[in-house]
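**Student:** got a sequence here, can you model it:
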Amino acid sequence: MELIGKVGKMKKIEVTFLLPCLNEEKTLAKTIREINEMIEKNHLIAEILVVDNGSTDNSEKIAKEEGARVIKEEKKGYGNALRTGFKKSIGKYIIMGDADTTYDFKNCMNFIDKLREGYDLVIGNRYLGGMEKDSMTKSHYYGVKALSYIAKKKGKVNVSDFHCGLRGINQEFISQIPFQTTGMEFATEMILLSAKYTNKITEVPTKLKKCSVERKPHLRTIRDGYRHLMYIIRSN
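**Tutor:** Sure, this is the predicted structure:
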């Protein structure tokens, strides 16, 4: 396998850093550079994979200039982008996260360490890791807490932040899960459905940062919260 990025070639990939992307030209380069810094600091054999989900800005061009591998998923939706990314990742492990500078990729070795220990799915917990001022609205803060509590009880899985986008995944495990959702509710489906196939799921503290630029968020608190709730209610 060929290493994609700035740290060497023709070595077996251990970690794929997976970034779903929709019009992230303002933050994508900074995110990729932060990941590359983390790769080099920890001597990882890794690639950075950007799944472009129909961007109309310069995101694809920027990703390629920064050394990332870019693939396209024309069907819009957070779930669609990630499911395609899972299939196209070539690392033994996947670290997925948003490309908007809100997640601290420089300090995500705790995810990789847990995967190396044998966990199949590692979820970030922003309530344990701390949140910068104005990194999350109050409605989002309490909405996630409520939905996570309901999902935790319904799925009998010990996860308290179902909506954290920074996650570590065993690629072989995740490739066998029959996911169905295509939108933001995929974050909930990913945990609840995975819990039916493995008990090797854990959480690690994760810091949430305020986005480094002014931008319109993709998340719609009420609409997406409703979709999460409907998925939880309908799940078996």
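**Student:** and the closest residue to Glu66 other than its chain neighbours, helix, strand or coil?
**Tutor:** Computed as Cβ to Cβ, 6 or more residues apart in numbering, the closest residue to Glu66 that is not its neighbour in sequence is Ile32, at 4.2 Å. The way it works is simple: take the backbone N, C-alpha and C, and place the C-beta from them, glycine included. Following DSSP: H, G, I helix; E, B strand; the rest coil, we place Ile32 in the helix state.
**Student:** run a quick neighbour tally on Ile32.
**Tutor:** By other Cβ atoms under 10 Å, the residues close to Ile32 number 24.
**Student:** for Phe111, see how far away it is.
**Tutor:** According to Cβ to Cβ, to the nearest Å, Ile32 and Phe111 sit 18 Å apart.
**Student:** okay but Leu192 is in contact with Ala151, surely?
**Tutor:** Yes - using Cβ atoms under 8 Å, Leu192 makes contact with Ala151 at a distance of 6.3 Å.
**Student:** what do the two both touch?
**Tutor:** Common contacts of Leu192 and Ala151 (Cβ atoms under 8 Å, 6 or more residues apart in numbering): 157, 232.
**Student:** got a list of what Lys106 touches?
**Tutor:** By Cβ under 8 Å, 6+ apart, the neighbours of Lys106 are 34, 37-38, 41.
**Student:** out of the residues you listed, which comes closest to Ile90?
**Tutor:** Proximity of those to Ile90 was ranked by Cβ to Cβ; the top entry is Met38 with 18.4 Å.
**Student:** just say helix, strand or coil for that closest one.
**Tutor:** Per three-state DSSP, Met38 ends up helix.
**Student:** more crowded one of Leu192 and Ala151?
**Tutor:** More neighbours surround Ala151 than the other of Leu192 and Ala151, with 25 against 20 (other Cβ under 10 Å).
**Student:** outside of the particular helix or strand that has that one in it, which residues touch it?
**Tutor:** According to DSSP states H and E, Ala151 maps onto helix 138-155. Helix 138-155 has contacts (Cβ under 8 Å, 6+ apart) with 127, 131, 157-163, 188, 191-192, 195, 219, 221, 225, 228-229, 232, 235.
**Student:** in it, what's buried?
**Tutor:** By 16 or more other Cβ atoms under 10 Å, the buried positions in helix 138-155 come out as 140, 143-144, 147-148, 150-152, 155.
**Student:** for stretch 165-181, same thing?
**Tutor:** Those would be 165-171, 173-174, 177, 179, 181, for stretch 165-181 by 16+ other Cβ under 10 Å.
**Student:** quick one: which of those sit in strands?
**Tutor:** Counting by DSSP state E, the part of these found in strands is 167-170.
**Student:** need the residues you listed in CSV with distance to Ile94 and pLDDT, can you?
**Tutor:** Shown next, in CSV, are those (distance: Cβ to Cβ, whole Å; pLDDT from 0 to 100):
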residue, distance to Ile94, pLDDT
Arg167, 8, 98
Gly168, 7, 98
Ile169, 4, 98
Asn170, 8, 98
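**Student:** low pLDDT regions in the chain?
**Tutor:** 1-10, 214-222, 224-226, 228 (pLDDT under 70).
**Student:** quick one: the helices in it?
**Tutor:** Secondary structure of the chain (DSSP state H): helices located at 28-41, 59-65, 78-88, 109-117, 126-129, 138-155, 171-174, 186-194, 221-234.
**Student:** which two in the ones in strands among the buried residues of stretch 165-181 are spaced the farthest apart?
**Tutor:** Going by Cβ to Cβ, the pair spanning those furthest: Arg167 and Asn170, at 11.1 Å.
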